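**Q** quick one: sequence plus predicted model below, questions after.
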Number of protein chains: 2
Amino acid sequence: MDQVDLFHAEPASNSLKVLQAIHEKGVPFTSHYINLTKFEQHDPAFLAINPAGQVPALLHRGRVLTESTVINEYIDAVFDGPQLRPADEYDRAQMRIWTKYVDEVFRPALSFLAWHRVIPGMVASLSAEEFEAKLARIPLREKRGKWRLAASGGFAAHDLETWRFQLEDTARRIETALANGDWLVGNAFSLADIAVFAMALSMPKTYPEFANITATPRMLDWLQRMRARPGVAAALAMPNHSNLPG
Amino acid sequence: MDQVDLFHAEPASNSLKVLQAIHEKGVPFTSHYINLTKFEQHDPAFLAINPAGQVPALLHRGRVLTESTVINEYIDAVFDGPQLRPADEYDRAQMRIWTKYVDEVFRPALSFLAWHRVIPGMVASLSAEEFEAKLARIPLREKRGKWRLAASGGFAAHDLETWRFQLEDTARRIETALANGDWLVGNAFSLADIAVFAMALSMPKTYPEFANITATPRMLDWLQRMRARPGVAAALAMPNHSNLPG
């Protein structure tokens, strides 16, 4: 089997998403750790790999792949190992609705709320000039705006409320899906479980009001089932040098 | 070949996306037109098909598929006809990066700006009670918030500016991609062209400052090339009863 080079941060969020797929498939890979607390994702060396300055990125046969959701479908299609996408096309569509929901709703809600909580403290250690210098190196304009807003604690109250509603709704959707079986789609482990787990694993600690033994017992069992998988466990055992939110 | 039932609105935006795929593949289908200006997407009859109250929705072998991007991959995988996804998995990943970009950046930017322009006038014809009654029937909470904000002309200036930047950036990305060939990915027509065209077709009229013969000549040629395809032309010839933005 070919090997790949994976550029990633902590086993959390989008990096964890791809680390799980790689370990579950058993794809041989060289790990390149990108330290987000040192803003290494904006270093010229990494921008040469992914001009958008975002992890994860995958190098395979001289070509670079980006976007964790797209990378995971690529990994499943190209490499040997257990199939991570349902064979039935209707189930595969349901899997994609989950991975899309993670990208469009679940992950942004978690991420904005984490930024709201953590970034002002992180930025407080920088002078105004240092902060602007860091900002100037961020390739994506939307990301710069997000940093600036988060640093000033400036998210709108109705946005904060919407994101919290979305997290509550996500926990409810997970719980409902698990009424039909052990996994989110078609009673088989898939990229849907991988994508949702990458964002949901800390919810019982960070959002116990939404994910708890009374409101979401099946979700809590599923989180344990996920952690017990050798591939997922191996992904979670990758280096974790920071507590930066995804 | 099986037939399908397609629930859709005008040949624009997400409905146009699926109409193009169906016509390009030559899938026999029964058209069910959902009139968005009459809020038929929130009628109980349609909510029984898609509880999220969104078009398009596809009924095939007794099962309902939603989300235009997911539907198009399903159509291509399940039905005979020309392949709409590149055979090479790297190219297929690039196709998915485009369809994801349309869903996460291009379409929201267009849609929010269109709402900002059109909805206040549409809502002005309703009493406050009528407006609230319409809102109460919208299943998705985020959509209700979007209606309320748009109706009051209440989008933030920095959001409006970001969306306009994103449209300009999208036109630039299309122009850059077309430097390599006639189509967006791997020199072959694909779901990437279909997804981008569904949103971009009116840009030379509605945003001539971003899409014009000087700034984006290749994009303008490509729009003509798209319109000349029999499948795309057949999709565009479907009933158009309104000028509601997507």
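**A** In hand now; what should we look at?

**Q** only C-alpha atoms for contact and neighbour calcs from this point on.
**A** OK.

**Q** so which strand or helix has the residue nearest to residue A:19 when sequence neighbours are not counted?
**A** Spatial nearest neighbour of residue A:19, excluding adjacent residues (Cα to Cα, 6 or more residues apart in numbering or on different chains): residue A:235 at 5.3 Å. For residue A:235, the element it lies in under DSSP states H and E is helix A:230-236.

**Q** now do that helix: everything it contacts.
**A** Residues outside helix A:230-236 that contact it (Cα atoms under 8 Å, 6 or more residues apart in numbering or on different chains) are A:11, A:16, A:19-21, A:23-26, A:226-227.

**Q** equivalent analysis for stretch A:26-38, please.
**A** Stretch A:26-38 is contacted from outside by A:1-10, A:22, A:40-41, A:55, A:79-81, A:231, A:241-242, A:244, using Cα under 8 Å, 6+ apart.

**Q** drop anything exposed from those.
**A** Taking 16 or more other Cα atoms under 10 Å in any protein chain shown as the criterion, what is buried in those is A:4-10, A:22, A:40-41, A:55, A:79, A:231, A:244.

**Q** on that earlier part again, identify each buried residue in the helix holding residue A:235, please.
**A** Using 16+ other Cα under 10 Å as the burial criterion, the residues of helix A:230-236 that qualify are A:231-232, A:234-236.

**Q** quick one: mean pLDDT for that helix?
**A** Mean pLDDT, computed over helix A:230-236, is 97.

**Q** now that helix, how far from the chain's geometric center?
**A** Distance, stretch centre to chain centre, for helix A:230-236: 15 Å (Cα atoms, centre = their mean, to the nearest Å).

**Q** just stretch A:192-208 next, same as before
**A** Using Cα atoms, centre = their mean, the offset of stretch A:192-208 from its chain centre is 9 Å.

**Q** may I have it as CSV, with CA atoms only?
**A** Written as CSV, here are the backbone C-alpha positions of stretch A:192-208 (Å, rounded to 0.1, in the frame of the first residue of the first chain):
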residue,chain,number,x,y,z
ALA,A,192,-20.7,9.7,9.6
ASP,A,193,-19.7,8.3,13.1
ILE,A,194,-16.1,9.5,12.5
ALA,A,195,-17.2,13.1,11.5
VAL,A,196,-19.7,13.5,14.4
PHE,A,197,-17.4,11.9,17.0
ALA,A,198,-14.5,14.3,16.1
MET,A,199,-16.7,17.1,17.3
ALA,A,200,-18.9,15.4,19.9
LEU,A,201,-16.4,13.6,22.0
SER,A,202,-16.0,16.4,24.6
MET,A,203,-19.6,17.5,24.7
PRO,A,204,-20.5,15.6,28.0
LYS,A,205,-17.7,17.7,29.7
THR,A,206,-18.1,21.0,27.9
TYR,A,207,-21.9,21.0,27.4
PRO,A,208,-23.3,18.7,30.1
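
**Q** elements contacting the helix or strand of chain A with the lowest mean pLDDT?
**A** In chain A, the helix or strand scored least confidently by mean pLDDT, DSSP states H and E is helix A:141-151, which has a mean of 70. When contacts are defined as 3 or more Cα pairs under 8 Å, 6 or more residues apart in numbering or on different chains; DSSP states H and E, helix A:141-151 sits against helix A:107-124, helix A:128-136.

**Q** pLDDT (mean, whole number) over the following helix or strand past it?
**A** Following helix A:141-151 in sequence order, the next helix or strand is helix A:157-177 (DSSP H and E). Mean per-residue pLDDT for helix A:157-177: 94.

**Q** kindly report the same for stretch A:65-75.
**A** So the average pLDDT for stretch A:65-75 ends up being 98.

**Q** how far does that stretch sit from its chain's centre?
**A** Counting by Cα atoms, centre = their mean, stretch A:65-75 comes out at 12 Å from the chain centroid.

**Q** can you list the buried residues in that stretch?
**A** A:65-75.

**Q** the residue located most distally from the centre of chain A and residue B:177: what is the separation?
**A** Ranked by distance from the centre of chain A (Cα atoms, centre = their mean), the top residue is residue A:129, with 30.5 Å. Counting by Cα to Cα, to the nearest Å, the separation of residue A:129 from residue B:177 is 37 Å.

**Q** cool, and residue A:210?
**A** 43 Å.

**Q** so between the two, which is more surrounded?
**A** residue A:210 (21 against 17; other Cα atoms under 10 Å in any protein chain shown).

**Q** that one: what secondary structure?
**A** Using DSSP: H, G, I helix; E, B strand; the rest coil, the structure places residue A:210 in coil.

**Q** which ones are touching it?
**A** Residues in contact with residue A:210, defined by Cα under 8 Å, 6+ apart, are A:167-168, A:171, A:203-204, A:216.

**Q** mind running it again at 10 Å?
**A** A:164-165, A:167-172, A:203-204, A:216 (Cα atoms under 10 Å, 6 or more residues apart in numbering or on different chains).

**Q** up against chain B, what does chain A have?
**A** Residues of chain A lying near chain B by Cα under 10 Å from any Cα of the partner chain: A:60, A:63-67, A:69-75, A:77-78, A:88-90, A:92-97, A:100, A:103-104, A:141-142, A:145, A:158, A:162-163, A:165-166.

**Q** just the buried residues of those.
**A** Buried by 16+ other Cα under 10 Å: A:60, A:65-67, A:69-75, A:90, A:92-97, A:100, A:103, A:162-163, A:166, out of the residues of chain A next to chain B.

**Q** filter those residues down to just the ones in helices.
**A** Secondary structure from DSSP state H places A:69-75, A:90, A:92-97, A:100, A:162-163, A:166 of these in helices.

**Q** let's see the strand or helix carrying residue A:31 as PDB, backbone CA atoms only.
**A** Per DSSP H and E, residue A:31 falls inside strand A:29-33. Coordinates of each C-alpha in strand A:29-33 appear next as PDB, following Å, rounded to 0.1, in the frame of the first residue of the first chain:
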ATOM      1  CA  PHE A  29       1.400   7.600   7.100                       C
ATOM      2  CA  THR A  30       4.100  10.000   8.100                       C
ATOM      3  CA  SER A  31       2.700  12.500  10.700                       C
ATOM      4  CA  HIS A  32       3.600  16.100  10.400                       C
ATOM      5  CA  TYR A  33       2.500  17.900  13.500                       C
END
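
**Q** neighbouring strands for it, and are they parallel or not?
**A** Sheet pairing of strand A:29-33 (DSSP bridges) gives strand A:4-8 (parallel).

**Q** domain ranges for chain A?
**A** Chain A breaks down into these domains under automatic domain parsing: A:4-78, A:89-229.

**Q** distance from the first one to the middle of the chain?
**A** The gap between the average C-alpha position of domain A:4-78 and the chain average comes to 11 Å, counting by Cα atoms, centre = their mean.

**Q** measure that domain end to end?
**A** 12 Å.

**Q** the longest one too?
**A** Between the start and the finish of domain A:89-229 there is a gap of 25 Å, counting by Cα to Cα.

**Q** same question, stretch A:7-19
**A** Its start and end residues considered, stretch A:7-19 measures 10 Å (Cα to Cα).

**Q** show me where pLDDT drops low in chain A?
**A** Along chain A, segments meeting pLDDT under 70 span A:1, A:142, A:150-154, A:242-246.

**Q** at 50 what do you get?
**A** Along chain A, segments meeting pLDDT under 50 span A:245-246.
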